[in-house]
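Undergrad: A predicted structure for the sequence below; I have some questions about it.
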Amino acid sequence: MQWSILTAIVQASFFITGAFAAFGLTESGNIYTVDTNAGLVFKVDKTTGDITSLLYNGIEAQDQSGKHSQINSGIGASCSWVRTGNSDNYIKISCSASGITQYYIAKYNDPAVHMATYISSEPSVGELRYISRLSKSAVPNGLTVSEVNGGTAIEGSDVYSLNGQTRSKFYSSRQFIDDQVHGVTGSGIGVYMIVPGVGYESASGGPFFRDIDNQGSAQQELYFYMNSGHTQTESYRTGLHGPYALWFTTGSTPSGSIDTSFWEGLGISEYIPLASRGRVSGTASGFPSSYANYMSVGWSNSQAQYWVRTDSSGAFESPRMKPGTYTMTLYKMELAVASKSVTVSANAATSASIASTEANPTVIWQIGDLDGTPRGFLNADKIETMHPSDSRMSSWGPLTFSVGSSVSSFPMALFKAVGPVTINFSLGSSQIGARTLEIATTLAFAGGRPQVTVNGWVGPAPPVPSQPDSRGVTRGTWRGNNNLYTISIPSGTLVSGTNTIVINVISGSSGDNFLSPNVVLDAIRLY
């Protein structure tokens, strides 16, 4: 009997030991080698904080030409590690340099490198990103729009011409609200960046901000951008960024809904557990029924940002948020139509509804939908993945547009060097007199702003708009600061019958073609 009990104990001990036999970390010189027991073995240089190897099911996914996977271009960190968490099922590697700590976590039986990045100040290079520099031969399949290998640079060092098409790493971007999973694949392998739940809470830019996901060059590059100067509309946030994960599969796309609760047991002081977070729920109202499926709510302050889409009735519930006071904003597509202050308390639910305060005047005519985007305008369906000079684009002008024609023939952007757009329209005798013209824009470059001439009357020159000091539309984005230009047309200017409005882009700056001062249009209306 005693022998049987002892045998059972020994067998149980062997089973437990055997189950974890592969999971662990070994040191050799300056290298940590971590086995996840899920087909992934990765290596970290403890003197730099770089990942030097990503071996998945025998396939080396990490590029071996000398450039490693790392924060920015490397931070020269010093690393340490500990086996920790529930039943020691986790290995935490902490790599610290001045003002920054990069965490690499191995979770037993997860084919992933779980990560988070802490910064006490913005890195001197002015951006914060994790870049996985992967082997092009192992994972050759990235996004065609961001495959630049063999191309010729046509703008700066980041927009290329290849096989008659324009390509750029910027064209791989997706809006944060829709970008939880992006990746690259090869034969028997897929490598994906997952940004789950509140992974963007310390990033900057809001729900519709976009940044680089992928670039195919001599390497296959996979990114998670947290902060950058790419049409950045708000100040950078510091603190803990993430968690996020580099996840491996045999090719299929993983779910973005991965478990991150284990982070609470890893002794990371900057990590805020669920029990210390609160949430906001309510109903959005006052928006047109046609936008029932295109409404969202965001929350932001200097420490964090969050967002959620409403359901078709306007109901919403926020993610779990850090305690604090936030500006809550209602968006119609991408246009902010209401805001209010709301305070979130730890482990508490707050009720806060919000109603649109958007003005909806009765218009004589309108070109485009006022929704914070140029959707529907000429070339808007292509601009996120092509340079304006791309041969697949329709001509930008100068052109003449007649009110009543399809908005798809009106350019989504106006460029100073390309020339104006002329609008022809007819008015009845009851429609003349003093009127208001509104031109809504989503982004401007180099101080560009619209100035109008109405039947020979020259409207005032608007002031220089507040916009990011960055290329925008040539990098595939229309997102900046929304501006509404209101022009009071004096009585006696408009006539019964045919009228003409010419819109020019003015600026004290200049530039060639599509790098000349420009504006991206949202809508134009007369009332």
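TA: Right, received. Where do you want to start? Predicted model, so just to flag it, every value in this text is computed and none were measured.

Undergrad: pretty sure P388 sits against L515.
TA: No: here P388 does not reach L515: they are 9.6 Å apart, not a contact under CB atoms under 8 Å. Yep, even glycine has a C-beta here, placed from its N, CA and C like the rest.

Undergrad: ok, L143 - contacts?
TA: 171-172, 213-214, 216 (CB atoms under 8 Å, 6 or more residues apart in numbering).

Undergrad: mind checking which of the residues you listed land in strands?
TA: Cross-referencing the contacts of L143 with the strands (criterion: DSSP state E) gives 214, 216 as the overlap.

Undergrad: can I get the contacts of L143 in a markdown table with pLDDT and neighbour count?
TA: Conversion of these to a markdown table gives the following (pLDDT from 0 to 100; neighbours: other CB atoms under 10 Å):
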| residue | pLDDT | neighbour count |
| --- | --- | --- |
| Y171 | 98 | 27 |
| S172 | 98 | 27 |
| D213 | 98 | 25 |
| N214 | 98 | 23 |
| G216 | 98 | 26 |
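
Undergrad: can you lay out the contacts of L143 as a markdown table showing distance to S235?
TA: Written out in a markdown table, the entries for these read as follows (distance: CB to CB, whole Å):
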| residue | distance to S235 |
| --- | --- |
| Y171 | 26 |
| S172 | 25 |
| D213 | 23 |
| N214 | 27 |
| G216 | 32 |
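
Undergrad: which of the contacts of L143 sits closest to Q64?
TA: G216 (17.2 Å; CB to CB).

Undergrad: now the residue nearest to the spatial centre of the chain. Nearest residue, chain neighbours left out?
TA: Ranked by distance to the mean C-alpha position of the chain (CA atoms, centre = their mean), the top residue is R210 at 2.9 Å. On the basis of CB to CB, 6 or more residues apart in numbering, the spatially nearest residue to R210 that is not a chain neighbour turns out to be S173, at 3.8 Å.

Undergrad: ok, the one you found - contacts?
TA: Contact analysis of S173 by CB under 8 Å, 6+ apart lists 179, 210-213, 384, 476-477.

Undergrad: overlap of the contact sets of P388 and L515?
TA: Looking at what touches both P388 and L515 (by CB under 8 Å, 6+ apart), the common residues are T474.

Undergrad: of the two, who's got more company?
TA: Neighbours were tallied for P388 and for L515 using other CB atoms under 10 Å; the higher tally belongs to P388 (23 against 18).

Undergrad: so for the residue nearest to H68 when sequence neighbours are not counted, what's the pLDDT?
TA: Using CB to CB, 6+ apart and skipping the chain neighbours, the partner closest in space to H68 is D50 (3.6 Å). Model confidence at D50, given as pLDDT, is 98.

Undergrad: show me what secondary structure element comes after whichever helix or strand I131 is part of.
TA: With the criterion set as DSSP states H and E, the secondary-structure element containing I131 is strand 128-134. Using DSSP H and E, the helix or strand that follows strand 128-134 in sequence is strand 152-155.

Undergrad: export that next one to PDB, keeping only CA atoms.
TA: Extracted C-alpha coordinates of strand 152-155, given in PDB (Å, rounded to 0.1, in the frame of the first residue of the first chain):
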ATOM      1  CA  THR A 152      12.000  53.700 -56.800                       C
ATOM      2  CA  ALA A 153      11.400  56.500 -54.300                       C
ATOM      3  CA  ILE A 154       9.200  59.200 -55.600                       C
ATOM      4  CA  GLU A 155       8.500  61.200 -52.400                       C
END
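
Undergrad: and of the contacts of S173, the nearest to S281?
TA: Comparing the contacts of S173 against S281 with CB to CB picks out D179 as the nearest, at 24.1 Å.

Undergrad: dihedrals phi and psi, that closest one?
TA: Backbone geometry at D179, expressed as degrees, to the nearest 10, gives phi -120, psi 70.

Undergrad: contacts only, for it.
TA: Counting by CB under 8 Å, 6+ apart, D179 touches 173, 195, 210, 213.

Undergrad: how about Q62?
TA: Neighbour list for Q62: 42, 51-55, 68-69, 132-135 [criterion: CB under 8 Å, 6+ apart].

Undergrad: okay, strands next: where are they in the stretch 301-450 of the chain?
TA: Taking DSSP state E, counting those that start in this stretch, the strands of the stretch 301-450 of the chain run over residues 305-309, 315-317, 324-332, 335-344, 349-351, 354-355, 365-367, 399-402, 413-415, 421-427, 435-445, 449-454.

Undergrad: ok, the fifth one: who's next to it in the sheet?
TA: Okay, so that is strand 349-351. The strands beside strand 349-351 in its sheet (DSSP bridges) come out as strand 279-285 (parallel).

Undergrad: any buried residues in the strand it pairs with, and which?
TA: Of the residues in strand 279-285, those buried by neighbour count under the rule 16 or more other CB atoms under 10 Å are 279-280, 282-284.

Undergrad: and the contacts of stretch 67-83?
TA: 24-25, 32, 44-52, 54, 62, 90-97, 100-102, 117, 123, 125, 127-134, 219, 246.

Undergrad: okay, and which of those map to strands?
TA: When DSSP E defines the strands, the subset of these inside them is 24-25, 32, 44-45, 51-52, 54, 90-97, 100-102, 117, 128-134, 246.

Undergrad: where does the nearest residue to Y118 once chain neighbours are set aside land on pLDDT?
TA: For Y118, ignoring the flanking residues on the chain, the nearest one in space by CB to CB, 6+ apart is T101 at 4.4 Å. We have a pLDDT of 97 for T101.

Undergrad: which residues touch T101?
TA: Each residue near T101 by CB under 8 Å, 6+ apart is listed here: 77, 94-95, 117-118.

Undergrad: adding pLDDT, neighbour count and distance to S261 as columns, could you present these in CSV?
TA: Listed next are those as CSV, based on pLDDT from 0 to 100; neighbours: other CB atoms under 10 Å; distance: CB to CB, whole Å:
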residue, pLDDT, neighbour count, distance to S261
A77, 96, 22, 27
S94, 98, 20, 20
C95, 98, 27, 23
T117, 98, 23, 19
Y118, 97, 21, 19
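
Undergrad: could those residues be laid out in CSV, adding distance to R392?
TA: Written out in CSV, the entries for the contacts of T101 read as follows (distance: CB to CB, whole Å):
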residue, distance to R392
A77, 44
S94, 48
C95, 44
T117, 38
Y118, 43
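
Undergrad: how near is the residue nearest to H68 to Q305?
TA: 29 Å (CB to CB, to the nearest Å).
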